[in-house]
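Asker: this one's structure only:
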């Protein structure tokens, strides 16, 4: 079959699959796990539900109200399916709906974990809150209530959440961190007397169910066994303390999706470029694991093949045309990263020779001259003429807005495009920065590198504290692939004998 016919058939198959996905997900059983405030135990409840329902033989598709990398790693490990992020601040509502429809197809039940409190968000009108996601997707809401120190007072809390926005359907509550059987009976009595909110179960306070967030990002590495042990304990507690049959009835009571809101028409499938696939090396190991699955999908749709490598164990890079090093916890593995001198040296040489690369947060720290944490300084790659220093408190935290500068080497955004929206969360800063360093972004909201700028540009490398999302107005995966492909093609024209995909 010729390439043109193969491409046509592939696009036809994609269109058919899109239609099948949309129809199959119209009636997807689904629910949102939310809370009155942050740190109420939503993640414990959500991952426990994912694992307990999976143990029943159900296909459980997890989602997380973003921005977040850490909770999705746990939810994915609990369900066995990659967790997808829903973010109404960074993504238009139509994209959030389409993301949900696409990944809900084929699932027996979808579990969405909210963030912060049910009605919390950036916007005063709540348009980017977990409640807004519930309304948009027709999600019955299960409230995980931190019951410590409460008895009768739980009733007005639930009544207030019900009354605040009647378009949000609060379908039940799971009591968390309950002090014992007597405490649970008092809570249930108050709820049953004063409200119509069903109590679907209770989890008693148990240190064995606690999750140390400092280790969440390490699930893909050698602590995966420990993570699975934690998930198993939480799943057992949820299976024992929550009425899963009633909870599934709640999930199945969600309205058909076409009765909630009309999803925007599917965007036309993007044709893969006819040139050979671009090989992008991606750091995926214990130190680096913060990647949005949808963005990785977008890189592949743009024509990239993702080639994983381990910054801790691999002595050399695979044959690649570009690099992508995402966020993570490099400070926790600083000694091991420094000890892998051969890989650090090879990455430095490749970047110096012009290999296109993109790095976010932890990746930026790894590419700096050195990394200092708790008084210990170790060498890093050295491609960025600055030193990364960890601090006890966050340096930059929350959503950011960026204006691109003339130094950004990627293809230009559309004329008149609004500022880029992204997010950052970093405890490190860059110090001893070389004068005259170029930056891809002016920061209009957030901190970035120095409160004014972000996106260090060195050769064909762009490294920032901001985490981008491949969404409307920020099609960074397509732009990065186009940039890397152009640099590869330029190199081939300059040196016709160069082997495809070889390192510079």
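Answerer: Thanks, I have it. All values derive from a computational prediction rather than experimental measurement.
Asker: can you classify the nearest residue to residue 419 once chain neighbours are set aside as helix, strand or coil?
Answerer: Spatial nearest neighbour of residue 419, chain neighbours left out: residue 401 (4.3 Å); criterion: Cβ to Cβ, 6 or more residues apart in numbering. All C-beta spots, glycine's among them, are computed from the backbone N, C-alpha and C. Here residue 401 takes the strand state, with states given by DSSP: H, G, I helix; E, B strand; the rest coil.
Asker: could you give the bridge partners of residue 401?
Answerer: For residue 401, the beta-bridge partners under DSSP bridges are residue 421, residue 445.
Asker: from residue 68, how far out is it?
Answerer: For residue 401, the distance to residue 68 equals 19 Å [Cβ to Cβ, to the nearest Å].
Asker: please identify which of the two sits among more neighbours.
Answerer: residue 68 (21 against 16; other Cβ atoms under 10 Å).
Asker: just the element for residue 185, please.
Answerer: helix 181-194 (DSSP states H and E).
Asker: and the angle for the next helix or strand after that helix with helix 181-194?
Answerer: In the C-terminal direction, the helix or strand that comes right after helix 181-194 (DSSP H and E) is strand 199-204. Inter-element angle recorded for strand 199-204 and helix 181-194: 160 degrees (by axes from the mean of the first three to the mean of the last three Cα atoms, to 10 degrees).
Asker: contact partners of strand 199-204?
Answerer: Contacts with strand 199-204, where a contact means Cβ atoms under 8 Å, 6 or more residues apart in numbering, come from 41, 44-45, 48, 142, 147, 172-180, 184, 187-188, 191-192, 209, 237-238, 241-243, 246-247, 250.
Asker: go again with 7 Å.
Answerer: Applying Cβ atoms under 7 Å, 6 or more residues apart in numbering, the contact partners of strand 199-204 are 142, 172-176, 178, 180, 184, 188, 191, 209, 237-238, 241-243, 246-247.
Asker: now that strand: buried residues?
Answerer: 199-204 (16 or more other Cβ atoms under 10 Å).
Asker: then stretch 79-99?
Answerer: 79, 81-91, 93-99.
Asker: quick one: list the elements packing against the helix holding residue 185.
Answerer: helix 154-164, strand 170-178, strand 199-204 (3 or more Cβ pairs under 7 Å, 6 or more residues apart in numbering; DSSP states H and E).
Asker: buried deepest among these, which one?
Answerer: Among the helices and strands packed on helix 181-194, strand 170-178 has the highest mean neighbour count (mean count of other Cβ atoms under 10 Å), at a mean of 24.
Asker: which strands and helices sit next to it?
Answerer: Right, strand 170-178 is packed against strand 141-146, helix 154-164, helix 181-194, strand 199-204 by 3+ Cβ pairs under 7 Å, 6+ apart.
Asker: as JSON lines, the helices and strands packed on helix 181-194 with mean pLDDT and distance to residue 291 would be great.
Answerer: Formatted as JSON lines, the helices and strands packed on helix 181-194 follow (pLDDT from 0 to 100; distance: least, Cβ to Cβ, whole Å):
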{"stretch": "helix 154-164", "mean pLDDT": "96", "distance to residue 291": "34"}
{"stretch": "strand 170-178", "mean pLDDT": "97", "distance to residue 291": "30"}
{"stretch": "strand 199-204", "mean pLDDT": "97", "distance to residue 291": "31"}
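Asker: quick one on the thing from earlier: these two touch, right, the residue nearest to residue 419 and residue 418?
Answerer: No. Counting by Cβ atoms under 7 Å, residue 418 is not a contact partner of residue 401; they are 8.6 Å apart.
Asker: next structured bit after the least confident helix or strand in the chain by mean pLDDT?
Answerer: Ranked by mean pLDDT, DSSP states H and E, the weakest helix or strand in the chain is helix 3-24, scoring a mean of 44. Following helix 3-24 in sequence order, the next helix or strand is strand 30-34 (DSSP H and E).
Asker: what pairs with that following strand, parallel or antiparallel?
Answerer: So strand 30-34, judged by DSSP bridges, has these partners: strand 109-113 (parallel), strand 141-146 (parallel).
Asker: contact partners of that strand?
Answerer: Contacts for strand 30-34 (Cβ under 7 Å, 6+ apart): 42, 45-46, 104, 109-114, 118, 130, 133-134, 137, 139-144, 250-251, 254.
Asker: backbone phi and psi for residue 298, please?
Answerer: Main-chain torsions, residue 298, degrees, to the nearest 10: phi -60, psi -40.
Asker: tally of neighbours for it?
Answerer: 21.
Asker: wait, is residue 230 part of a helix?
Answerer: Yes. Residue 230: assigned to a helix according to three-state DSSP.
Asker: once you drop chain neighbours, what's closest to it?
Answerer: residue 211 (6.4 Å).
Asker: same check, this time on residue 453
Answerer: Counting by Cβ to Cβ, 6+ apart, the residue nearest residue 453 is residue 439, at 3.9 Å.
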